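[1] got a predicted model here, sequence first, then my questions.
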Amino acid sequence: MALQSFRAVRWLRTLNLVLQAALFVTFFAGLNYVARNHPSRFDLTRHRTYSLSPETLSYIRNLTRPVHLVATLSDLSENPEVRGLLDEFVHATQSSPFGVITREFIDVYRDRRRAEELGIEQPNVILLRSGEKSRAVQIDELYRFKQQEREAFIGEQVLTAALLDVSDPSRRRVYFLTGHGELALDNVDPSRGLSLLRDQLRVRNFDVMTLELSAAKQIPADAALLIAVAPQSAYTPAEQELLRQHLTVNAGRLILLLGPGLAASRLGLDELLLDWGIIADDSAVIDPAPESITEDGDLLIRALEAKHPVMQTLAGFQTMPLRLGATRTVRVDPGRPATGLTVVPLAATSPQAWGEVGYRQLPFTRDGADIRPMKGIPPEDRLSIAVASERVSVRDNLPFSVRGGRLVVFGTGDLVSNQRIGYSGNFVAFLGAVNWTVDRDKQLNVPARPIERFGLALSAADFTRLRYALVLGLPGATLLLGLLVYWTRRS
C-alpha cells in the first residue's frame, strides 16, 4: 500500500512538472503572439526622442510609393539620433499598403560594390530613393549648430521634407540661362564649366536644362527655377521683360551670380534688381583682414545669416567659409518698398573691407568714392556680397499670404564653377539657395530636439577601484551571503 502511494505521488509530481513546463511554454508563446500582432510602444524619454510628431506621421502614412533610405554613417555612436529616427520611420510605415519605408546602413569603404550601385562615394550621407528619383541629405543638415557645436536635432523635419519630395513622381526642372556668355553646363573647363554642378543637381533629383531666352521667346511653364551664372553681355529689353514677368506675375524663382566686370546697368538687370530691393554695385570687394584672404588670393566670407534658410546649414561651421574669386558688393536698397518685399543680406565681408569702384586701375586705395557700409542698413558695419529677396502679398484682407517670387543674387560669377564647387562652403550655400527658391526648405511644424549627451569621467584610480569591486567585491558578497545562509540553516 505504501509502495502504491509512493508511485502515485511520484506520478503526480511528474505530471505537475509537465504541466508547469507546458504552462511556461504556452505563456511565452502567447506573449510573443501578442507582441508580434498587437504591438504597443511607449517613449519614456523626456523630449520624446524616439517618437515622430503627429504631422510627420500623417505625411508618411499616406505615402503612395515605397521609399528606401541608405545611410553611410561613418560612426553610428556619434549619431544615435539619426539611427533612432530612421528606425522610427521604418516602424511607422510597416502596415502601410503602398508607402513602406525601408532602411539600409552601408560602409562606403568596405562595401564598394554596393556603394557604386547606389552612386554614393562619401560617408555621412543619407540617400533617399523612390523609383527613379533620389535625393541625398548630408548628416550635418540634420543638426542645428551654434559655435561649431551641435545645439539641436532637426532631422525629423529635414528628412520628412525630403521624403515628401522624393516620393513625388514629378521632378523639378531647373533652367540655366545661355546666350550671354554664361558658364556652361556641358563644359568641363575648371574656370568656365559647370559640369560638376550639373551632376550634383541631378543626383538631388533635379532635371537640369538650358534655356536661351532670345530663341525661346518665353519661359517654359515647367520652370521651377532659372539660374544665370556670370553673364558677360546685356540682356535685351524683351529678355528683361520675360524675367520681370516670370518673377512678378508668375511668382517665379531666379538665382543670379554676377561677378565684377560689368555694371548691372550694362547687363540690363539694374531695374529688375531695384524692383526687388537689391543693388549690385559696379565694384570689387577688397578685404585686407588676414583671416579673409587665402595664400592664393581668394576671398573668404565667414559672416553668414544663420536665420535665413539659404545659409542656415552653413552658418554653424566657421571651418566652411565661402571661398570666392573676384566679388562685387550686393546690397539691400535703402529705398526699397516698406511692405510686400522681404530683403535679407545672406553673406558679408569683415568690417575692414570696402567696395573698390576704381578696381580697373592699380593700386587700390580706399577713398570717398568706394562702397562702404551704410548706417541702419544690414549688415551693420559690413558689406554684403549676397542678398535674398522675397515678395509675399496679402490679398483681400485674407489672414494668409499668397506665394510670391523669390530672387537670390550672389556678387561672384564663379561660386560653383568646376574649380570652386569642391569647396564645401560654396556648394552648401548654393544648394541652400536652390532649395529655398524651389520651396524644398519646407518648414514643417516639428519642434527641434535638444542634443543630450551623458558622459562618465573616471580617473585611473577610479577604474582600478571599479575593477577590484567587480572582480572581488561581487563574488565576495555572494560568498558571504552563502555562508550566512549555511550558518543560519545549521543553527
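    Perfect, thanks for sending it. Residues are numbered from 1 along each chain as shown.
[2] chain center to the helix of greatest length in the chain: distance?
    For the chain, the helix with the greatest residue count under DSSP state H is helix 2-37. Relative to the chain's own centre, helix 2-37 is displaced by 58 Å; criterion: CA atoms, centre = their mean, to the nearest Å.
[3] let me know the helix or strand that Gly476 is in.
    Assigned by DSSP states H and E, Gly476 belongs to helix 474-490.
[4] secondary structure class for Glu116?
    Recorded secondary structure, Glu116: helix (DSSP: H, G, I helix; E, B strand; the rest coil).
[5] separation between it and Val108?
    The spacing between Glu116 and Val108, counted by CB to CB, to the nearest Å, is 9 Å. For glycine as for every other residue, the C-beta is placed from the backbone atoms N, C-alpha and C.
[6] for the residue sitting nearest the centre point of the chain, give me its contacts.
    Centroid-nearest residue in the chain: Glu141, 3.2 Å away (criterion: CA atoms, centre = their mean). By CB atoms under 8 Å, 6 or more residues apart in numbering, the contact list for Glu141 reads Val158, Thr313.
[7] state the mean pLDDT of the one helix or strand Ala429 maps to.
    Under the criterion of DSSP H and E, Ala429 resides in helix 424-437. For helix 424-437, mean pLDDT rounds to 89.
[8] for the helix holding Gly476, buried residues please.
    Of all the residues in helix 474-490, not one is buried under the rule 16 or more other CB atoms under 10 Å.
[9] could you do stretch 372-379 as well?
    Using 16+ other CB under 10 Å as the test for burial, stretch 372-379 gives Pro373, Pro378, Pro379.
[10] low pLDDT regions in the stretch 351-491 of the chain?
    For the stretch 351-491 of the chain, the stretches with pLDDT under 70 are 393-403, 440-458, 491.
[11] now with 80, please.
    In the predicted model of the stretch 351-491 of the chain, residues 361-368, 392-403, 440-460, 462-463, 470, 486, 489-491 satisfy pLDDT under 80.
[12] least trustworthy helix or strand in this protein by mean pLDDT?
    strand 449-450 (a mean of 66; mean pLDDT, DSSP states H and E).
[13] and stretch 56-68, how far apart are its ends?
    End-to-end span of stretch 56-68 (CA to CA, to the nearest Å): 17 Å.
[14] now find how far off-centre that stretch is within its chain.
    The chain centre lies 20 Å from the centre of stretch 56-68; the measure is CA atoms, centre = their mean.
[15] list the buried ones in that stretch?
    The neighbour-count check on stretch 56-68 (16+ other CB under 10 Å) flags Thr56, Leu57, Tyr59, Ile60, Leu63, Pro66, Val67, His68 as buried.
[16] in a strand, the third one, correct?
    No - in this structure, Tyr59 is helix, not part of a strand, as judged by three-state DSSP.
[17] any idea of the mean pLDDT in stretch 207-215?
    Mean predicted lDDT for stretch 207-215 stands at 93.
[18] just to be sure, the residue nearest to the centre of the chain is in a helix?
    Yes - the assignment for Glu141 by three-state DSSP puts it in a helix.
[19] and stretch 262-281, which residues are buried?
    For stretch 262-281, a neighbour-count test (16+ other CB under 10 Å) marks 262, 264, 267-270, 272-273, 275-281 as buried.
[20] what mean pLDDT does it get?
    Here stretch 262-281 scores 92 as its mean pLDDT.
[21] report the distance from it to the chain centre.
    Stretch 262-281 has its C-alpha centroid displaced from the chain centroid by 31 Å (CA atoms, centre = their mean).
[22] one more: stretch 88-108?
    Centre-to-centre, stretch 88-108 and its host chain are 20 Å apart (CA atoms, centre = their mean).
[23] the stretch 351-491 of the chain: strands as residue ranges?
    354-356, 384-391, 406-410, 449-450 (DSSP state E, counting those that start in this stretch).
[24] for the third one, which outside residues touch it?
    By CB under 8 Å, 6+ apart, the surrounding residues in contact with strand 406-410 are 247, 253-258, 273, 276, 278, 280, 310, 330, 346, 385-391, 433, 436-437.
[25] the more surrounded of Glu116 and Val108?
    For Glu116 and Val108, the more surrounded residue by other CB atoms under 10 Å is Val108, and the numbers stand at 18 against 11.
[26] which SS state does that one fall under?
    Here Val108 takes the coil state, with states given by three-state DSSP.
[27] who touches Gly476 in this structure?
    Applying CB under 8 Å, 6+ apart, no residues qualify as near Gly476.
[28] shaky segments in the stretch 201-350 of the chain?
    Checking the stretch 201-350 of the chain against pLDDT under 80 turns up 203-205, 312-319, 337-339.
[29] the helices in it, which residues?
    Assigned helices in the stretch 201-350 of the chain, in chain order: 213-216, 237-248, 264-267, 270-275 (criterion: DSSP state H, counting those that start in this stretch).
[30] got the ones you listed as TSV, with distance to Gln157 columns?
    Shown next, in TSV, are the helices of the stretch 201-350 of the chain (distance: least, CB to CB, whole Å):
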stretch	distance to Gln157
helix 213-216	37
helix 237-248	28
helix 264-267	37
helix 270-275	32
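[31] so in terms of bridging, what pairs with Leu322?
    Beta-bridge partners recorded for Leu322 (DSSP bridges): Ile301.
[32] how much space between it and Leu201?
    The spacing between Leu322 and Leu201, counted by CB to CB, is 19 Å.
[33] swap in Gly261?
    Gly261 sits 26 Å away from Leu201, taking CB to CB as the criterion.
[34] more neighbours: the two, which one.
    Neighbours per residue (other CB under 10 Å) separate Gly261 from Leu201, with Leu201 holding more: 22 against 16.
[35] isn't the more buried one up against Phe176?
    No - the criterion here is CB atoms under 8 Å, and Leu201 misses it with Phe176 at 9.6 Å.
[36] so what sits against both of those two?
    Common neighbours of Leu201 and Phe176, using CB under 8 Å, 6+ apart, are Val208.
[37] on that earlier part again, run through who's touching the helix holding Ala429.
    138, 174, 197, 200-201, 204, 206, 225, 253-255, 304, 308-314, 317, 320-324, 346-347, 386, 388, 406, 408, 410, 415-416, 420-421, 440-441.
[38] now do stretch 267-277
    By CB under 8 Å, 6+ apart, the list of residues contacting stretch 267-277 reads 231, 233-237, 239-240, 243-244, 247-248, 256, 258, 263-264, 279-280, 332-333, 336-337, 341, 343, 389, 391, 405, 407, 409.
[39] end-to-end on it?
    Using CA to CA, the end-to-end distance of stretch 267-277 comes to 17 Å.
[40] just to revisit the earlier point, out of the contacts of strand 406-410, which are buried?
    Neighbour-count burial (16+ other CB under 10 Å) applied to the contacts of strand 406-410 gives 247, 253-258, 273, 276, 278, 280, 310, 330, 346, 385-391, 433, 436-437.
[41] the nearest residue to Ile286 once chain neighbours are set aside: neighbouring residues, count only.
    Among residues not flanking Ile286 along the chain, Glu356 sits closest, at 4.8 Å (CB to CB, 6 or more residues apart in numbering). For Glu356, the neighbour count with other CB under 10 Å is 23.
[42] same deal with Arg366?
    14.
[43] which phi and psi does it have?
    phi -80, psi 120 (degrees, to the nearest 10).
[44] could you find the closest non-adjacent residue to it?
    Once flanking residues are discounted, Arg366 sits nearest to Trp354: 5.3 Å by CB to CB, 6+ apart.
[45] list the contacts for the one you found?
    Per CB under 8 Å, 6+ apart, neighbours of Trp354: Val285, Ile286, Arg366, Asp370, Ile371, Arg372, Leu383.
[46] try it again at 10 Å.
    The neighbourhood of Trp354, defined by CB atoms under 10 Å, 6 or more residues apart in numbering, consists of 283-288, 329, 364-367, 370-373, 383.
[47] I'm done for today, thanks for sticking with me.
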